[in-house]
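In: Just the structure for this:
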Amino acid sequence: MISVNESAMRVVDEIVRNKECWQVAVEKDVTGAMILDAGVKAPGGYSAGVAMTELCLAGLGKASMFYGKFGDVALPSVFVWTAYPAISTLGCQLAGWQIKTENYFAMGSGPGRALALKPKEVYEKIDYRDKFDKAILILESDSYPTKEAIDYLSEKCSVLPENLILMIAPTTSIAGSVQISGRIVETGIHKLMQIGFDLKKILYGCGYAPIAPIHPKAQKAIGRTNDALYYGGEAYYTVDFEDDEKLKDFVGKAPSSTAKDYGKPFYEILKAANYDFYNIDPNLFAPAVVSMNNIRTGATYASGKINVDLLRTTMGLQII
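Out: Reported below is the predicted structural model:
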């Protein structure tokens, strides 16, 4: 079985080699943990965001940028693909670990989750766990972790603090915005898991989403980056499925448009939910468009639509 943390070390080495070019700061914490700063103190940027996306995927997926047209809306966008859809996305990229210590909070993703099994039920569903002497995590945060937070992470991942590698960027940074849009394939797979699709049937996944323009206020930035996925993102999966009629039913249930609050900017939905993601209809957490190609029959089904009007509004675009 492949080790996602071992695989991710290749991406870590590449980031360290290119740190100056990609404007990433590489530091050692007092505990010995390695910090890869892509937007807290260091500028970071698009290259850092692409690298961060690939690190989230443990090096089992690739990302690239292009300039996307969404009706009359044009935005830099990210395209992602993987041949290890369940392990690289739910097993690594999913921001499924709320890291809370006395003076620190971050959303945690990356292959280190497969050591800590956060959350455990996800690893039970994909039938995977990792064992490696280093842990690589991605933190969505606007500050470096405290010693207490690093001790907590190293304990949960069963590694020494000096074997902990943490890449950090806030949502208000370019790298942070890129890596969230780079979650488009994972967003679709997570929704498919929620509606009962057998993830072992997914052979390959790819997708794209616009990269949200930066907003200096964190909650507004969270709103824009989520809207990029739910209203502007498309995911495409190659599957081996026995029944086209059942597959059509799953595809119809997969897009974000199945949610009761669909059509509202995510910032407004989050505010109405008292900034608690768990108070939001989970059907919203999905790509705008989901397509599936069944290699068993040759059929391809798609459902959902890009919401150009909402993208134009939520991204703050003014045509002059």
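
In: How about the contacts made by Ala209?
Out: By C-beta atoms under 8 Å, 6 or more residues apart in numbering, Ala209 lies in contact with Ser77, Val78, Ser181, Gly182, Ile184, Ala228, Leu229, Gly232, Gly233, Glu234, Pro287. (Glycine included, C-beta is placed from N, CA and C.)

In: Stretch 105-118: which residues count as buried?
Out: Neighbour-count burial for stretch 105-118 flags Ala106, Gly108, Ser109, Gly110, Pro111, Gly112, Arg113, Ala114, Leu115, Ala116, Leu117, Lys118 (criterion: 16 or more other C-beta atoms under 10 Å).

In: scratch that, stretch 22-29
Out: Buried positions in stretch 22-29, judged by neighbour count with 16+ other C-beta under 10 Å: Trp22, Gln23, Val24, Ala25, Val26, Asp29.

In: Are we agreed that Leu192 is in a helix?
Out: Yes: counting by DSSP: H, G, I helix; E, B strand; the rest coil, Leu192 is located in a helix.

In: how many neighbours does it have?
Out: 28 (other C-beta atoms under 10 Å).

In: got it, and the one 4 residues further on?
Out: Residue crowding around Gly196 was assessed by other C-beta under 10 Å; the count is 8.

In: per-residue confidence at it?
Out: As predicted, Gly196 sits at a pLDDT of 97.

In: Could you tell me whether it really is in a strand?
Out: No: assigned with three-state DSSP, Gly196 falls outside any strand and is coil.

In: which phi and psi does it have?
Out: Torsion angles at Gly196 (phi, psi; degrees, to the nearest 10) stand at phi 90, psi 10.

In: Likewise for the one 10 residues further on?
Out: Cys206 adopts backbone torsions of phi -150, psi 160, taken as degrees, to the nearest 10.

In: can you tell me which residues contact it?
Out: For Cys206, the contact set (C-beta under 8 Å, 6+ apart) comprises Phe79, Val80, Trp81, Thr82, Val185, Ala235, Tyr236.

In: Check which helix or strand the fifth one maps to.
Out: Read it as Val185. helix 184-194 (DSSP states H and E).

In: Quick one: which of the contacts of Cys206 is the most crowded by neighbours?
Out: When neighbours are taken as other C-beta under 10 Å, the top entry among the contacts of Cys206 is Val185 (31 neighbours).

In: now the residue nearest to the spatial centre of the chain, nearest residue through space, not along the chain?
Out: By C-alpha atoms, centre = their mean, the chain has its centre lying nearest to Arg183, at 3.1 Å. Among residues not flanking Arg183 along the chain, Gln93 sits closest, at 6.0 Å (C-beta to C-beta, 6 or more residues apart in numbering).

In: quick check, Val30 in a strand?
Out: No: applying three-state DSSP, one finds Val30 to be coil, outside a strand.

In: my guess is it meets Thr146, correct?
Out: No: using C-beta atoms under 8 Å, Val30 is not in contact with Thr146; the gap is 10.3 Å.

In: and the two? which has more neighbours close in?
Out: Neighbour comparison, Val30 and Thr146: the larger count goes to Thr146, with 15 against 8 (by other C-beta under 10 Å).

In: and that one, what does it touch?
Out: If a contact means C-beta under 8 Å, 6+ apart, then Thr146 has Thr101, Glu102, Asn103, Tyr104 as its contacts.

In: buried set for the helix holding Val185?
Out: By 16+ other C-beta under 10 Å, the buried positions in helix 184-194 come out as Ile184, Val185, Glu186, Thr187, Gly188, Ile189, His190, Lys191, Leu192, Met193.
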